[in-house]
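>>> I'll drop the sequence and a predicted model, then ask my questions.
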Amino acid sequence: MTTLVSQRAREIKPFLVMEVLEAAQCLERNGVDVVHMEVGEPGFETPAPIRQAAITAMQAGETHYTHSRGVRRLRIAIAEWHRRKYRTEIDPDCVVVVSGTSPAMLLVFMALCETGSEIIIADPCYACYPQLITFAGGVPVTVRTTAQTGFHPDREAISRAITSRTRAVLINSPSNPCGTVIDPAELARLAELGLFVVSDEIYHGLVYGERAHSIREYTDHSAVVNGFSKLYAMTGWRLGYLIAPPDVVRAVQKMQQNFFISACHFAQTAAITALSEECDSYVQEMIDEYGRRRDLVIAGLERIGIAVASEPRGAFYVFADVRRHCERVKCSSYQLAFDILNQAHVAVTPGSDFGPGGEGYLRLSYAAEYERLEEGLQRLGKYFG
Ligand SMILES: Cc1ncc(COP(=O)(O)O)c(C=O)c1O
């Protein structure tokens with residue numbers, strides 16, 4: 001059978017979390033009450049000063065294309081934020097503002113990869129990484145990780161994966177799906193390898209205890225991708241950025257000019273407010289509440305007898321170890337997630353979405369409201385009981 005669709009578009013894998021969400025929405029349309037613990041969607045509105053800044057900017061006519069690298073005032077604000085948070089010096093000309101962390105990753109991999117270039121990633125990892133790398137012409141080389149290292153690849157494992165085709169290693173701390181944080185000493189050891197590091201720092205700021213460290217504290221031979229979706233509850237605004245060395249920035253800028261032109265004008269102006277100290281208290285309130293939800297979910301799972309694979313210290317995810325249950329009832333994490341959805345009406349993400357290393361786990365998001373999480377835990381208790 002012929003198709004108009006290219007091979008690489010045909011081969012792109014579905015994002016399982018979205019499939020669970022869509023199945024949950026189908027149940028909801030039939031009147032079923034579903035508790036959502038699958039998606040990584042902050043359960044908060046964007047803080048009021050940010051929304052107001054967007055309204056003001058729009059009314060002031062900030063509705064045009066901007067510089068392809070982004071509004072300069074925002075790039076300066078991003079550099080200032082990095083100085084405030086990490087004491088690192090970022091040149092605003094080494095920042096490109098794009099429509100989310102996801103496009104930032106696609107663009108950086110397109111800038112780095114020749115056909116067949118290898119990017120080292122963890123298994124399990126954020127489900128979209130392999131697709132982004134493959135679409136950019138690269139090859140994702142996975143390093144199997146364990147709960148002992150918080151499912152982060154250690155320096156020795158990364159060293160063993162390096163070949164003449166290796167272009168970069170991709171790290172993500174605090175991580176999706178586990179919420180684990182790479183220790184500063186390990187980041188320093190990683191930087192010593194001399195490999196180019198792409199660091200997905202989208203969950204920075206969302207930590208419950210000590211802060212996460214940016215790769216830029218350890219090496220300039222790196223690119224940071226980050227955005228406003230999670231920390232500022234701005235998923236729908238589609239705004240992110242890349243910090244990279246000048247040659248990578250120039251390549252990304254040219255792609256941005258051709259493919260996307262620029263990010264949204266008034267969203268960029270509002271993001272300056274997001275990064276300002278004016279928003280610190282709003283962000284802190286959300287972090288405190290996520291911390292409460294985290295404790296609730298960890299304690300609730302413990303009561304049910306489900307182990308949390310590795311202590312989550314950031315983001316809003318718990319990676320629950322259900323290997324024994326899956327073995328006992330002879331099912332995959334995918335089958336288990338759908339059975340939980342259909343029987344208990346709780347939506348959770350199968351660990352296999354995050355790679356073969358995630359099989360036997362479920363990812364639970366605690367971004368939803370506290371009361372809904374209580375309800376979800378109660379239903380899970382009955383299901384597993
Ligand atoms: C690890 C990770 N990186 C990137 C993204 C995408 O972020 P954005 O909304 O900025 O595209 C997500 C979204 O869930 C994520 O979990």
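Arrived safely.

>>> helix or strand right after the helix or strand where Ala168 lies?
Per DSSP states H and E: Ala168 is located in strand 166-172. Heading C-terminal from strand 166-172, the first helix or strand you meet, by DSSP H and E, is helix 184-192.

>>> Pro47 and Cys279 touch, don't they?
Yes: between Pro47 and Cys279 there is a contact at 5.5 Å, judged by Cβ atoms under 8 Å. (C-beta placed from N, C-alpha, C; glycine too.)

>>> please identify every residue contacting each of these two.
Tyr232 (Cβ atoms under 8 Å, 6 or more residues apart in numbering).

>>> picking that back up, tell me the angle of the strand holding Ala168 relative to helix 184-192?
160 degrees (axes from the mean of the first three to the mean of the last three Cα atoms, to 10 degrees).

>>> strand 166-172 pairs with which strands, and in what direction?
Strand pairing for strand 166-172, using DSSP bridges, gives strand 118-123 (parallel), strand 197-200 (parallel).

>>> and the helices in the stretch 101-250 of the chain, which stretches?
101-112, 129-135, 155-161, 184-192, 246-259 (DSSP state H, counting those that start in this stretch).

>>> including mean pLDDT, could these go into a markdown table?
Listed next are the helices of the stretch 101-250 of the chain as a markdown table, based on pLDDT from 0 to 100:
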| stretch | mean pLDDT |
| --- | --- |
| helix 101-112 | 98 |
| helix 129-135 | 96 |
| helix 155-161 | 95 |
| helix 184-192 | 95 |
| helix 246-259 | 98 |
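
>>> possible to save those helices as JSON lines with distance to the ligand and mean neighbour count?
Output for the helices of the stretch 101-250 of the chain, formatted as JSON lines (distance: least, Cβ to the nearest ligand atom, whole Å; neighbours: other Cβ atoms under 10 Å):
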{"stretch": "helix 101-112", "distance to the ligand": "3", "mean neighbour count": "24"}
{"stretch": "helix 129-135", "distance to the ligand": "8", "mean neighbour count": "21"}
{"stretch": "helix 155-161", "distance to the ligand": "18", "mean neighbour count": "15"}
{"stretch": "helix 184-192", "distance to the ligand": "17", "mean neighbour count": "17"}
{"stretch": "helix 246-259", "distance to the ligand": "15", "mean neighbour count": "16"}
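
>>> mind putting those in a markdown table, distance to Ile202 included?
Compiled in a markdown table, the helices of the stretch 101-250 of the chain are given as follows (distance: least, Cβ to Cβ, whole Å):
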| stretch | distance to Ile202 |
| --- | --- |
| helix 101-112 | 5 |
| helix 129-135 | 12 |
| helix 155-161 | 21 |
| helix 184-192 | 16 |
| helix 246-259 | 17 |
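
>>> count of neighbours near Ala53?
22 (other Cβ atoms under 10 Å).

>>> what packs against the helix or strand that contains it?
For Ala53, the host element (DSSP H and E) is helix 48-59. The contact analysis (3 or more Cβ pairs under 8 Å, 6 or more residues apart in numbering; DSSP states H and E) places helix 48-59 against helix 265-275.

>>> next secondary structure after the helix it packs on?
helix 280-304.

>>> now that following helix against helix 265-275, angle please.
80 degrees.

>>> what residues does helix 280-304 touch?
Against helix 280-304 from outside (Cβ under 8 Å, 6+ apart): 42, 44, 47-49, 179, 205-208, 231-233, 307-308, 312, 316, 318, 320, 364, 366-368, 370, 373-374, 377, 380-381, 384-385.
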